[in-house]
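Visitor: Predicted model and sequence below, questions to follow.
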Amino acid sequence: MSLCDDTLLCNFTKCRTKLSGFAWVTACSHIFCDQHGSGEFSRSPAICPACSSALSGKLDIVRTELSPSEEYKAMVLAGLRPDIILDISARAMAFWSYQVHQEHMYQEYNMSRAEAQLKQMEKVLTQQNHSRELELSAMRGEITSLKKVMEEYKRKYSEVSERLMERNRQYQKLQGLYDSLRLRNMVVGVGERDMLLQPGHHSFKSGMNNLNLMPLRVKGVGSNLTVNVLFLAVNNEQQRGVHSNASEVKQLPERRKAKVRQ
Ligand SMILES: [Zn+2]
Ligand SMILES: [Zn+2]
């Protein structure tokens, strides 16, 4: 607001409206809009709402027209000596410049307060950014250490799985060996028992002729076992063959009898 601005503002703190029409001017160099002036100065004693000065004099408060008519302007200072006219004008100019200065001070105060708030907010923002950066770096560190831990676990896992596979291979090998040994023992046991039960002579060859069995082949087991398995099979088959032959012999006369009857 410069000296040439053509309007003053109401000095009532919460109003600050641009003045027009009529205004209330005080001896303590304050000015109010018609609403606030008429409201505040209707009480007695009158107190300035801007500076709390007591305004008890007859001309301490004046209600003045801000855009006076040409007739008023022509008559209000007419007849006065030039020094009085200039004195009145100088006092009126001093009032105006005081108002402009006050407004300037008020705006500067507002600006400094806004700047202080801005600085405070910037400070808070900087602190927040700093703490965020600290948190971020801490989290990055945590991620790095967790990655290391994960790598360690991965390495351990691959080691353990490799060991497990090795154990599995060993287990399979042992299981194969165990199975072959068990089979061998079983075959040998059965063979010996059969030999004890049937001491009579029988040829291995004739037994083979009665069989349609293929020789068993057990992986990882020597030819001795194959021979033993075949031996067992032959014995069993011969036993069955003897029985079936005997029943056939028994049945033969019956069939012939039946044929004769027919
Ligand atoms: Zn006002
Ligand atoms: Zn005042």
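Guide: Perfect, thanks for sending it. Ligands and ions are numbered 1, 2, ... in the order given.

Visitor: got any ranges where the stretch 1-150 of the chain has weak pLDDT?
Guide: Filtered on pLDDT under 70, the stretch 1-150 of the chain yields the residue ranges 1-5.

Visitor: for ligand 2, what are the nearby residues on it?
Guide: 28, 30, 48, 50, 51, 53 (C-beta under 5 Å from the ion). Every C-beta, even on glycine, is put in place using the N, C-alpha and C of the backbone.

Visitor: Going by neighbour count, which of the residues you listed are buried?
Guide: 30, 48, 50, 53 (16 or more other C-beta atoms under 10 Å).

Visitor: quick one: what helix or strand has whatever residue of the stretch 101-250 of the chain ends up closest to ligand 2 in it?
Guide: Nearest residue of the stretch 101-250 of the chain to ligand 2, counting by C-beta to the ion: residue 102, 10.3 Å away. For residue 102, the host element (DSSP states H and E) is helix 82-197.

Visitor: just how off-centre is that helix within its chain?
Guide: Chain-centre distance of helix 82-197: 10 Å, with C-alpha atoms, centre = their mean, to the nearest Å.

Visitor: for that helix, packing partners?
Guide: Packed against helix 82-197 by the contact rule (3 or more C-beta pairs under 8 Å, 6 or more residues apart in numbering; DSSP states H and E) you find helix 223-261.

Visitor: What is the burial count for the residue of the stretch 101-250 of the chain closest to ligand 2?
Guide: 17 (other C-beta atoms under 10 Å).

Visitor: With the one 3 residues further on instead?
Guide: Applying other C-beta under 10 Å, we find 10 residues neighbouring residue 105.

Visitor: what do you get for the one 4 residues further on?
Guide: Burial measure for residue 109: 10 neighbouring residues, criterion other C-beta under 10 Å.

Visitor: what's near enough to touch it?
Guide: By C-beta atoms under 8 Å, 6 or more residues apart in numbering, the contact list for residue 109 is empty.

Visitor: Please tell me how far it sits from residue 143.
Guide: Shown here: residue 109 relative to residue 143, a distance of 50 Å by C-beta to C-beta, to the nearest Å.

Visitor: for residue 136, same thing?
Guide: Residue 136 is 10 Å from residue 143, by C-beta to C-beta.

Visitor: And residue 69, by the same measure?
Guide: Distance from residue 69 to residue 143, by C-beta to C-beta: 82 Å.

Visitor: swap in residue 186?
Guide: 62 Å.

Visitor: how many neighbours does residue 99 have?
Guide: Count around residue 99 with other C-beta under 10 Å applied: 21.

Visitor: mind listing what it touches?
Guide: By C-beta under 8 Å, 6+ apart, the residues touching residue 99 are 8, 29, 31.

Visitor: before we move on, what about residue 25?
Guide: Going by C-beta under 8 Å, 6+ apart, residue 25 touches 31, 61, 62, 63, 64, 95.

Visitor: Residue 108 and ligand 1: what is the separation?
Guide: Remark: distance between residue 108 and ligand 1 (C-beta to the ion, to the nearest Å) = 22 Å.

Visitor: ok, so what distance separates that residue from residue 165?
Guide: Look at residue 108 and residue 165: by C-beta to C-beta, they are 83 Å apart.

Visitor: try residue 72
Guide: 114 Å.

Visitor: Report the closest residue of the stretch 51-200 of the chain relative to ligand 2.
Guide: Residue nearest to ligand 2 within the stretch 51-200 of the chain: residue 51 (3.5 Å; C-beta to the ion).

Visitor: May I have the secondary structure class of the residue lying closest to that residue once chain neighbours are set aside?
Guide: Using C-beta to C-beta, 6 or more residues apart in numbering and skipping residues adjacent in sequence, the residue nearest residue 51 is residue 28, 5.4 Å away. When classified by DSSP: H, G, I helix; E, B strand; the rest coil, residue 28 comes out as coil.

Visitor: Tell me who's in contact with residue 28.
Guide: Applying C-beta under 8 Å, 6+ apart, we find residue 28 in contact with 48, 50, 51, 53, 55, 60.
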